[in-house]
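Peer 1: Quick one, what's the 3D model for this:
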Amino acid sequence: MRVVFWLAAAIAALVAACPTGVAAETPLFNGKDLSGWAFHPEDEEAAKVEAPWVVERGMLVCRGLAPGFLIHDKTWEDYVLTFEIRTMSTEEGNGVAVGSLGSVYLNASPEKGAFGAPKSVELSLRDTGNVFLRDIDNENVHNTDAWVHRAPGFARDVERDMGQWNNVRVMCHGERLTVIVNNRIVNQVEPIHPVKGAVALKSQRGFMPAPTYYRNIVVRPIGPADVKYEQQVTASFAKATAAIARKKAAEQAEQARVEQMQAAAQEKLAQELADVPVAADVDVVAEARRLPFPADARNIEFSAVFGDIEFESPSSLAQLTRFYTTEMAKRGWQATASDVDEDEVTITFQHGDAEVEVNLDESPDGVDVSMDTEELSFEGTDDPASLAKLGVPQPQAYLVLQREFAAPEGYRDQEYDLGERRLFKSTLPLPELYEFLTAQLRQKGYRETRRPIISDDRRYSEFAKGGVELSVNAFAHEIGSRVVLTYEAE
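Peer 2: Numbers count the residues shown, from 1 in each chain. Model (predicted):
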């Protein structure tokens, strides 16, 4: 950013010293008629349009009705072109773009160039000073680097609001072009070609026709003051370009360093996947609850419907990679595929028809672990006490909610989630389920801490004992009722 700020300050100083016309000036537009100008329509349809360019109140007006260009009959070399332009357009170009200005063809000839434009140097005032070389061969038509030019660091978005006049100054000196819009330098390009020719104005047919106005179109020869000013701009541009190049080189060096670090980390993770002997003669049990889980696993969630298991771990990516490589092998699972990135590891294990894909994704707090399974039983994964006995870490909330609430008649679709909730449905009607659950808490010495909510389709209350708070939130359901039991420690 310092490069851009420095360049902006330097260019502002140069603009303040920008030379005014000192040589003989030649007006290209007399303010009365189109003397010296000729319209070249883009196609037959454009040729049928009556008066695509007109003169109104001393202004040259493009009506935005016909594509093509209006070209002057005089040719110039080493000159300064100044003019004012005002757009009333609504979307793009002459008659189409909001706030855009159109294009001017410099050093132009009527001969057709690239993309239907005259052979010329096109100065886009719609894209704030972009320069397009229209005198190129067919081999370079699709190589934008050969014909699209925009110097880095110069001002952008300098055009004024729609309906206001914009001042444009263009210096063509040999193969160098300098562009100033509203007293701000927007581009300098070298080399350009051709270096000699006429001035032409672009004409476009807008989706919603809107006029573009020109006035005070004047050309004068390049003078000594212009050359000095141009050299100052070139020197400033060279310094800025060098600074940008140094910044880019530093960024590339930093990127190379980061990539080396990532490659080293990736190699280290790959070492953790080195062949580990799979235990022989092990009776593999294809059950989700029999899979290995690290002791620091948090918020384990089993989804029998989708065959997924998810949890979080504060361990490192390398530690968990080694853990699953080793522990799955101990249980008789064969690693059949792996994909290692610097911040993510995926390992696929198989045994017979059963498959477990373990994805380890590094996060700011450790590692997010997900397992996609096939042909694996999820029986018993809704039983926290049983899981805990098998070494699967369980939140205290799950164990308390299981212990304090016996299952009601006809319960189904039981889930534990968010580390604090137990959910299920029951065939019991809402009043009976609510009474069944709250009666258990009262019998165990829990104290009701709020006035219960009682309605036709909901029952809710809260209970507390010994630093533990439990809530019962029951709802009417098509099969009878459903409930959300929540645990919170004081």
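Peer 1: which ones are touching Asp33?
Peer 2: Val55 (CB atoms under 8 Å, 6 or more residues apart in numbering). Where you see a C-beta, it was placed from the backbone N, CA and C, and this is true even at glycine.
Peer 1: Remind me which helix or strand Gln231 belongs to.
Peer 2: Gln231 belongs to helix 224-272 when assigned by DSSP states H and E.
Peer 1: Can you name every helix or strand that that helix contacts?
Peer 2: Helix 224-272 sits against helix 2-16, strand 166-173, strand 176-181, strand 184-189, helix 317-330, strand 334-340, with contacts defined as 3 or more CB pairs under 8 Å, 6 or more residues apart in numbering; DSSP states H and E.
Peer 1: Ala117 contacts Tyr105, doesn't it?
Peer 2: Yes. Here Ala117 lies in contact with Tyr105, judged by CB atoms under 8 Å, at a distance of 6.7 Å.
Peer 1: Which neighbours do the two have in common?
Peer 2: Common neighbours of Ala117 and Tyr105 (criterion: CB under 8 Å, 6+ apart): Phe69, Arg134, Lys202.
Peer 1: What about these, which are in strands?
Peer 2: Using DSSP state E, the members of the shared contacts of Ala117 and Tyr105 that fall within strands are Phe69, Lys202.
Peer 1: From the shared contacts of Ala117 and Tyr105, which shows the smallest pLDDT?
Peer 2: When these are compared on pLDDT, Arg134 comes out lowest, with 87.
Peer 1: angle of the helix holding Gln231 against strand 184-189?
Peer 2: 80 degrees (axes from the mean of the first three to the mean of the last three CA atoms, to 10 degrees).
Peer 1: Quick check: next helix or strand after helix 224-272?
Peer 2: As assigned by DSSP H and E, the chain's next helix or strand after helix 224-272 is strand 298-303.
Peer 1: Can you name the element that comes right after that following strand?
Peer 2: strand 308-313.
Peer 1: For that following strand, enumerate the helices and strands it packs against.
Peer 2: The helices and strands touching strand 308-313, judged by 3+ CB pairs under 8 Å, 6+ apart, are strand 298-303, strand 366-374.
Peer 1: May I see the ones you listed organised as CSV, with mean neighbour count, mean pLDDT and distance to Gln443 added?
Peer 2: Shown next, in CSV, are those (neighbours: other CB atoms under 10 Å; pLDDT from 0 to 100; distance: least, CB to CB, whole Å):
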stretch, mean neighbour count, mean pLDDT, distance to Gln443
strand 298-303, 18, 88, 31
strand 366-374, 18, 94, 40
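Peer 1: can you redo these as TSV with distance to Thr449?
Peer 2: Output for these, formatted as TSV (distance: least, CB to CB, whole Å):
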stretch	distance to Thr449
strand 298-303	27
strand 366-374	36
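Peer 1: which one of those strands lies closest to Arg169?
Peer 2: strand 366-374 (58.3 Å; CB to CB).
Peer 1: Within the sheet, what are the partner strands of that closest one, with directions?
Peer 2: Sheet pairing of strand 366-374 (DSSP bridges) gives strand 308-313 (antiparallel), strand 354-363 (antiparallel).
Peer 1: Return the set of buried residues in the longest one.
Peer 2: Within strand 354-363, the residues that qualify as buried by neighbour count (16 or more other CB atoms under 10 Å) are Ala354, Glu355, Val356, Glu357, Val358, Asn359, Leu360, Glu362.
Peer 1: Over to stretch 28-46?
Peer 2: Leu28, Phe29, Leu34, Trp37, Phe39, His40, Pro41, Glu42, Ala46.
Peer 1: Just the CA trace of it, in PDB.
Peer 2: In PDB, the C-alpha atoms belonging to stretch 28-46 read as follows (Å, rounded to 0.1, in the frame of the first residue of the first chain):
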ATOM      1  CA  LEU A  28     -11.000  19.900 -34.400                       C
ATOM      2  CA  PHE A  29     -14.700  20.900 -33.800                       C
ATOM      3  CA  ASN A  30     -16.000  24.300 -34.700                       C
ATOM      4  CA  GLY A  31     -19.100  24.200 -32.500                       C
ATOM      5  CA  LYS A  32     -21.400  24.700 -35.500                       C
ATOM      6  CA  ASP A  33     -21.300  21.600 -37.800                       C
ATOM      7  CA  LEU A  34     -19.500  18.400 -38.600                       C
ATOM      8  CA  SER A  35     -16.900  20.000 -40.900                       C
ATOM      9  CA  GLY A  36     -13.800  17.800 -41.100                       C
ATOM     10  CA  TRP A  37     -15.600  14.800 -39.600                       C
ATOM     11  CA  ALA A  38     -16.900  11.600 -41.300                       C
ATOM     12  CA  PHE A  39     -19.000   8.800 -39.800                       C
ATOM     13  CA  HIS A  40     -18.000   5.200 -40.600                       C
ATOM     14  CA  PRO A  41     -20.900   2.900 -39.700                       C
ATOM     15  CA  GLU A  42     -20.000  -0.600 -38.300                       C
ATOM     16  CA  ASP A  43     -22.600  -2.400 -40.500                       C
ATOM     17  CA  GLU A  44     -25.400  -1.800 -43.000                       C
ATOM     18  CA  GLU A  45     -28.000  -1.300 -40.300                       C
ATOM     19  CA  ALA A  46     -25.900   1.400 -38.700                       C
END
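Peer 1: hmm, back to that, helix 317-330 and the helix holding Gln231, what's the angle between them?
Peer 2: Put simply, helix 224-272 runs at 30 degrees to helix 317-330, going by the same axes, to 10 degrees.
Peer 1: any idea how far helix 224-272 is from the chain center?
Peer 2: Chain-centre distance of helix 224-272: 22 Å, with CA atoms, centre = their mean, to the nearest Å.
Peer 1: same deal with stretch 365-383?
Peer 2: 33 Å.
Peer 1: and it, how far apart are its ends?
Peer 2: 28 Å (CA to CA, to the nearest Å).
Peer 1: contacting residues around it?
Peer 2: 286-289, 291, 297, 302-304, 307-317, 320, 352-361, 386-387, 402, 414-416.
Peer 1: Quick check, pLDDT for Val158.
Peer 2: Reported pLDDT for Val158: 83.
Peer 1: Neighbours of the closest residue to Glu287 other than its chain neighbours, how many?
Peer 2: Counting by CB to CB, 6 or more residues apart in numbering, the nearest residue to Glu287 once its immediate chain neighbours are dropped is Ser377, at 4.7 Å. Residues lying near Ser377 (other CB atoms under 10 Å) number 16.
Peer 1: Repeat that for Ala385.
Peer 2: The burial count assigned to Ala385 is 11, neighbours taken as other CB under 10 Å.
Peer 1: quick one: what helix or strand has it in it?
Peer 2: Following DSSP H and E, one finds Ala385 within helix 384-389.
Peer 1: what sits against Phe463?
Peer 2: Counting by CB under 8 Å, 6+ apart, Phe463 makes contact with Thr438, Leu441, Arg442, Tyr446, Arg447, Glu448, Thr449, Glu469, Leu470, Ser471, Val472.
Peer 1: right, and the fifth one touches Lys465 too?
Peer 2: So the one you mean is Arg447. Yes. At 6.4 Å, Arg447 and Lys465 qualify as touching, with contact defined as CB under 8 Å.
Peer 1: neighbour-wise, which of those two wins?
Peer 2: More neighbours surround Lys465 than the other of Arg447 and Lys465, with 14 against 10 (other CB under 10 Å).
Peer 1: one step back: next step: the buried residues of stretch 28-46 restricted to strands.
Peer 2: Taking DSSP E, the ones among the buried residues of stretch 28-46 that sit in strands are Trp37, Phe39, His40, Pro41.
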